[in-house]
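Colleague: Kindly generate the corresponding structure for this input.
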Amino acid sequence: SYEFLCYLGVAVLGLAMVLRRRRAVAGLFGASILASALFAHFQWQSSHALLPVLFGYPQAWARLVPMYLAGVVCYLYRDSIRLDRWGAILSICAMGIACVIPLGYTVLFPVFGTYLLLYLAFWDRFSLHRVMRFGDLSYGTYLYAFPIQQLLVQHLHLRDSPVRLFAAAAPLVLAAAAVSWFFVERPALRWGRRRRSLQNTSGINSRTMVPVSAD
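Modeller: So this is what the prediction gives:
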């Protein structure tokens, strides 16, 4: 539910034209880290009984929003962020420091954890991209892992055995992700590309058919 509301929040930022202002989004990201640190330090809790039911717990929002905005900021600044070895080493050191100082994880992980994750994702030697030649199962894995794991926990009582839960869930999750990719995601992407191609072709034809004055 939190992630879904974050998607809606990004849509609101887009409609409000905030996403076109990178500095404004970066400012929101910094403010969210500060709010997260304040919530963690003072252990603020919601005193409103109905608010968490409708919108989620404020302390959970304080913890999750910086993680979500980290991805938004990295995307908006993708032309400026360099993923290199020294940045990864710095991020590893920062994450080590975060483990031993108060509020270190809260303040440092959204920045350095995100950088390290992106570095590993795009690291040529890691070769994760080669797996995608069989189909991109990443989004389906992310999407269906949680509900499938919850069903297994409920019906097979695997709550206290993470290894058994992973072993039982992984084949089912990958199967669901494959079905999602081959029958939903890939056809939808192809439809979107064809639609854009037709729109571009129509635009070119309409421009070439405009009469040109002899003057």
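
Colleague: Centre of the chain to stretch 179-199, how far?
Modeller: Stretch 179-199 sits 21 Å away from the centroid of its parent chain (CA atoms, centre = their mean, to the nearest Å).

Colleague: Actually, stretch 7-26.
Modeller: 15 Å.

Colleague: Go ahead and name everything in contact with it.
Modeller: Contact with stretch 7-26 is made by Leu28, Leu69, Val72, Val73, Leu76, Tyr77, as judged by CB atoms under 8 Å, 6 or more residues apart in numbering. Yep, even glycine has a C-beta here, placed from its N, CA and C like the rest.

Colleague: Tell me the buried residues in the helix or strand harbouring the first one?
Modeller: Assigning secondary structure by DSSP states H and E places Leu28 in helix 22-42. When burial is assessed from 16 or more other CB atoms under 10 Å, helix 22-42 yields the following buried residues: Val25, Leu28, Phe29, Ser32, Ile33, Ala35, Ser36, Ala37, Phe39, Ala40.

Colleague: if we take these, which one ends up nearest to Tyr115?
Modeller: For these, the closest approach to Tyr115 (CB to CB) belongs to Phe29, at 13.2 Å.

Colleague: Chain neighbours aside, what residue packs nearest to the closest one?
Modeller: Among residues not flanking Phe29 along the chain, Leu69 sits closest, at 4.4 Å (CB to CB, 6 or more residues apart in numbering).

Colleague: One more: Gly113?
Modeller: Met95 (6.3 Å).

Colleague: All the strands of the protein, residue numbers only.
Modeller: Applying DSSP state E to the chain gives no strands.

Colleague: Point to the helix or strand of it where mean pLDDT is at its lowest.
Modeller: helix 51-55 (a mean of 68; mean pLDDT, DSSP states H and E).
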